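Undergrad: this one's structure only:
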């Protein structure tokens, strides 16, 4: 007699990071599809209230929130026409930022199509958009300076909260790029991380 081995759930290394990623995903989902890439700084809520009271007040944060929770601050001024993955190579966060998260939409093709994709980037994009079995997916990936990671994926074909897939290593390439932005803290202040006024992320 054999018994099935129980599947161990992909538990988050940092529950606060997982909560922030899922909140960002739900917040972005409210605006629908075909959105530009987004980038968020993740700051410890208690630290934000203590060190940046004016910014916290502008974001309607009047208390530290749950112990260890993160507040997400959307960054403006990403280079137009440049893929977020390329822009991340030029970003270094100040030490006051404990983590970061990115949101991107991509077309995903079924396994076995790699050899059919043209080498030319423009032709490859057209090939993906016209492929009958393509899937549109929104990816939300977040990391912390301590090394934790978490992701949430939503397919356009299954656009409901119950179908959101989440786990710690779902988008390894994007996670690696995000971790690299936290490798060496910059000396700027928190409010300097955005080119314009920081926007509040999901409450």
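TA: Yes, it's here. Small disclaimer: the values here were computed from a predicted structure and weren't measured.
Undergrad: so residue 50, which of the three states?
TA: Following DSSP: H, G, I helix; E, B strand; the rest coil, we place residue 50 in the helix state.
Undergrad: What's the local residue count around it?
TA: 11 (other C-beta atoms under 10 Å). Quick note: C-beta positions are derived from backbone N, CA and C, even for glycine.
Undergrad: Next, find the distance separating it from residue 96.
TA: The spacing between residue 50 and residue 96, counted by C-beta to C-beta, to the nearest Å, is 11 Å.
Undergrad: now do residue 144
TA: For residue 144, the distance to residue 96 - C-beta to C-beta - is 13 Å.
Undergrad: between these two, which one's more packed in?
TA: Neighbours per residue, other C-beta under 10 Å: of residue 144 and residue 96, the larger number sits with residue 144, 24 against 20.
Undergrad: so how far is residue 152 from the more buried one?
TA: Look at residue 144 and residue 152: by C-beta to C-beta, they are 15 Å apart.
Undergrad: same for the longest helix along the chain, what does it pack against?
TA: Among the segments of the chain that qualify as a helix by DSSP state H, the longest is helix 15-29. If contacts are counted by 3 or more C-beta pairs under 8 Å, 6 or more residues apart in numbering; DSSP states H and E, helix 15-29 sits against strand 38-44, strand 70-74, strand 99-108, strand 135-144, strand 149-155, strand 165-167.
Undergrad: how about those, which one is nearest residue 29?
TA: For these, proximity to residue 29 was assessed by C-beta to C-beta; strand 149-155 is nearest, at 6.5 Å.
Undergrad: Give the buried residues for that closest one.
TA: Neighbour counts over strand 149-155 (16 or more other C-beta atoms under 10 Å) mark 149-154 as buried.
Undergrad: What is the burial count for residue 73?
TA: Per other C-beta under 10 Å, the neighbour tally for residue 73 reads 24.
Undergrad: Distance-wise, check it relative to residue 43.
TA: Residue 73 is 6 Å from residue 43, by C-beta to C-beta.
Undergrad: cool, and residue 150?
TA: 16 Å.
Undergrad: Tabulate the buried residues of strand 149-155 (JSON lines), appending distance to residue 24 and pLDDT.
TA: Formatted as JSON lines, the buried residues of strand 149-155 follow (distance: C-beta to C-beta, whole Å; pLDDT from 0 to 100):
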{"residue": "149", "distance to residue 24": "14", "pLDDT": "96"}
{"residue": "150", "distance to residue 24": "10", "pLDDT": "96"}
{"residue": "151", "distance to residue 24": "11", "pLDDT": "96"}
{"residue": "152", "distance to residue 24": "8", "pLDDT": "96"}
{"residue": "153", "distance to residue 24": "13", "pLDDT": "95"}
{"residue": "154", "distance to residue 24": "12", "pLDDT": "95"}
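Undergrad: Please consider this matter closed, and thank you.
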